[in-house]
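Trainee: The following comprises the amino acid sequence and a computationally predicted model.
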Amino acid sequence: DAKTTQPPSMDCAEGRAANLPCNHSTISGNEYVYWYRQIHSQGPQYIIHGLKNNETNEMASLIITEDRKSSTLILPHATLRDTAVYYCIVRDNAGNMLTFGGGTRLMVKP
Amino acid sequence: DTGVSQDPRHKITKRGQNVTFRCDPISEHNRLYWYRQTLGQGPEFLTYFQNEAQLEKSRLLSDRFSAERPKGSFSTLEIQRTEQGDSAMYLCASKRQENTEAFFGQGTRLTVV
């Protein structure tokens, strides 16, 4: 699975959009971009995934650049409960496990 | 859908003792995964099952570790002769098939003293 690079930490004001970047310059054509988050003392929680096109669900939006070498997870209106570590993972759908990096620790502040 | 359940949530044991953790996956999820997470790090893959077959094991899974999923439903992870370095959160996840998202349990936090 391709490696990803994320900033170790970010702050966001409550109610504002949180934009979390991820670089995956070695991604190959059949690899998807997955995002999970982990709130303190809980297991990781799936957020969203995509291949080429931008994706949106009830939790977030995923913007993937045209060359697919980077992506951004957008939480449109961050709340205090969105404070968590966010992991960007690249893998193909035949992959048997998720390879987590260090993630981005997002702190949403009032 | 009751989610992935792990038991116990916390375990404190003395060095050298054996411990066993249980994971109950979401019903009808045929794939089950075990991960280990130490403080400040992301989860690391240990092993996974498709139904009752253990298909892959990480190098992290030393011979003191054994995992089973005897009837393709719940799974157990046993650590023999625990060491202080085994202190970590042990996470279980399940999924239906290849191209679906994995659902994680709350984890079992092991402390070896």
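Mentor: Thanks, I have it.
Trainee: where does the chain have low pLDDT?
Mentor: You didn't say which chain, so I picked chain A. A:1-2, A:95 (pLDDT under 70).
Trainee: That was the other one, I meant chain B.
Mentor: Along chain B, segments meeting pLDDT under 70 span B:1, B:98-99.
Trainee: if you skip the residues just before and after it, what's nearest to the residue positioned nearest the centre of it?
Mentor: By CA atoms, centre = their mean, chain B has its centre lying nearest to residue B:34, at 3.5 Å. Excluding its sequence neighbours, the residue lying closest to residue B:34 (CB to CB, 6 or more residues apart in numbering or on different chains) is residue B:46, at 4.3 Å. Backbone N, C-alpha and C define where each C-beta goes, glycine included.
Trainee: host element of the residue nearest to the centre of chain B?
Mentor: Assessed by DSSP states H and E, residue B:34 sits inside strand B:31-37.
Trainee: Please save the CA atoms from that strand in PDB.
Mentor: Provided in PDB are the C-alpha atoms of strand B:31-37 (Å, rounded to 0.1, in the frame of the first residue of the first chain):
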ATOM      1  CA  ARG B  31     -13.600 -11.000   7.700                       C
ATOM      2  CA  LEU B  32     -12.100 -10.300  11.100                       C
ATOM      3  CA  TYR B  33      -8.900  -8.400  11.900                       C
ATOM      4  CA  TRP B  34      -6.700  -7.900  14.900                       C
ATOM      5  CA  TYR B  35      -4.600  -4.800  15.400                       C
ATOM      6  CA  ARG B  36      -2.400  -3.500  18.200                       C
ATOM      7  CA  GLN B  37      -2.000   0.200  19.100                       C
END
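Trainee: contacting residues around residue B:23?
Mentor: Residue B:23 is in contact with B:4, B:5, B:6, B:32, B:34, B:74, B:75, B:76, B:77, B:92, B:94, B:105, counting by CB atoms under 8 Å, 6 or more residues apart in numbering or on different chains.
Trainee: and if you look at residue A:18?
Mentor: Per CB under 8 Å, 6+ apart, neighbours of residue A:18: A:10, A:12, A:74, A:75, A:78, A:82, A:106, A:108.
Trainee: Identify the residue nearest residue 61 in space, chain neighbours excluded?
Mentor: Let's take chain A. Leaving aside its chain neighbours, residue A:61 sits nearest to residue A:74 (4.4 Å; criterion: CB to CB, 6+ apart).
Trainee: Chain B is the one I meant
Mentor: Leaving aside its sequence neighbours, residue B:61 sits nearest to residue B:46 (CB to CB, 6+ apart; 5.2 Å).
Trainee: which is the next helix or strand following the helix or strand hosting the one you found?
Mentor: Assigned by DSSP H and E, residue B:46 belongs to strand B:44-50. Per DSSP H and E, the first helix or strand lying C-terminal to strand B:44-50 is strand B:53-57.
Trainee: In that next one, which residues are buried?
Mentor: Within strand B:53-57, the residues that qualify as buried are residue B:54, counting by 16 or more other CB atoms under 10 Å in any protein chain shown.
Trainee: what's the following helix or strand after that strand?
Mentor: Scanning forward in sequence from strand B:53-57 by DSSP H and E, the next helix or strand is strand B:65-68.
Trainee: partners of that following strand, with directions?
Mentor: strand B:75-79 (antiparallel) (DSSP bridges).
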